[in-house]
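J.: Based on what follows, work out the 3D shape:
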Amino acid sequence: MLESCRNAQERWGGVNLLIDRWLAGRQELVARFIAISSATPMPSANAHELQHFCQALVDYVSAGHFEVYEQLTNEAKAFGDQRGLELAKQIYPRLEVITEAALFFNDLCDNGDCHDSASLSFELKRLGQLLRERFELEDCLIEVLHTDHQHHSEPAVAAV
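T.: Below is the predicted model of the structure:
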């Protein structure tokens, strides 16, 4: 997962400040995920690290939904990119499901339900699989809805 994160930063880094910040947030999220999921004993004993992970998780998914996805969609609309808009229409519902799962994990930890090492281990494994899927979907969106538009200098003007 960390290697995939580095590849995304190498591929799209410097293209757009918003995407750069978002990918940096992804890298922080992945690093924190690896740290808590490989900790022995499970981080239930270290509530501070778990809290930092949850904050990075919420920050990342929020930035995606409230900033990046909107920016990418607006860009596709400006360029008249029907293919990109159709892809977004197909991918966004799955991203929403994964966001809900991430927020559910955060709520579990906020409620103190993550302090059992066995349940935390299970929930982290499940979340890790969902995050991998999310990163792949997001990378696809960045590729289609942003990178393709870099080859065009001016967005399409809608017919009046």
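J.: make it CA atoms for all contacts and neighbour counts henceforth
T.: Noted.
J.: And the helices in this protein?
T.: Remark: helices assigned in the chain by DSSP state H are 2-12, 17-37, 47-63, 69-78, 82-110, 117-145.
J.: As CSV, those with mean pLDDT and mean neighbour count would be great.
T.: Output for those, formatted as CSV (pLDDT from 0 to 100; neighbours: other CA atoms under 10 Å):
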stretch, mean pLDDT, mean neighbour count
helix 2-12, 51, 16
helix 17-37, 90, 19
helix 47-63, 92, 18
helix 69-78, 84, 18
helix 82-110, 93, 16
helix 117-145, 89, 17
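J.: what's the spacing between the closest residue to K125 other than its chain neighbours and V30?
T.: Distances taken as CA to CA, 6 or more residues apart in numbering place S37 nearest to K125, at 8.0 Å, with adjacent residues excluded. Using CA to CA, to the nearest Å, S37 is found at 10 Å from V30.
J.: Equivalent analysis for S119, please.
T.: The gap separating S119 from V30 is 20 Å, by CA to CA.
J.: For H52, give me its contacts.
T.: R32 (CA atoms under 8 Å, 6 or more residues apart in numbering).
J.: ok, 10 Å please
T.: By CA atoms under 10 Å, 6 or more residues apart in numbering, H52 lies in contact with L29, R32, F33, I36, V58.
J.: what's the answer for H65, then?
T.: Contact partners of H65, counting by CA under 10 Å, 6+ apart, are Q71, Y92, L95, E96, T99.
J.: hey, C-alpha coordinates of stretch 128-138 in PDB?
T.: C-alpha atoms of stretch 128-138 as PDB (Å, rounded to 0.1, in the frame of the first residue of the first chain):
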ATOM      1  CA  GLY A 128      -6.900  -1.800   4.900                       C
ATOM      2  CA  GLN A 129      -8.600  -3.800   2.100                       C
ATOM      3  CA  LEU A 130     -11.100  -1.000   1.600                       C
ATOM      4  CA  LEU A 131      -8.400   1.700   1.600                       C
ATOM      5  CA  ARG A 132      -6.400  -0.300  -1.100                       C
ATOM      6  CA  GLU A 133      -9.500  -0.400  -3.200                       C
ATOM      7  CA  ARG A 134     -10.200   3.300  -2.600                       C
ATOM      8  CA  PHE A 135      -6.700   4.300  -3.600                       C
ATOM      9  CA  GLU A 136      -7.000   2.400  -6.800                       C
ATOM     10  CA  LEU A 137     -10.300   4.000  -7.700                       C
ATOM     11  CA  GLU A 138      -9.000   7.500  -6.800                       C
END
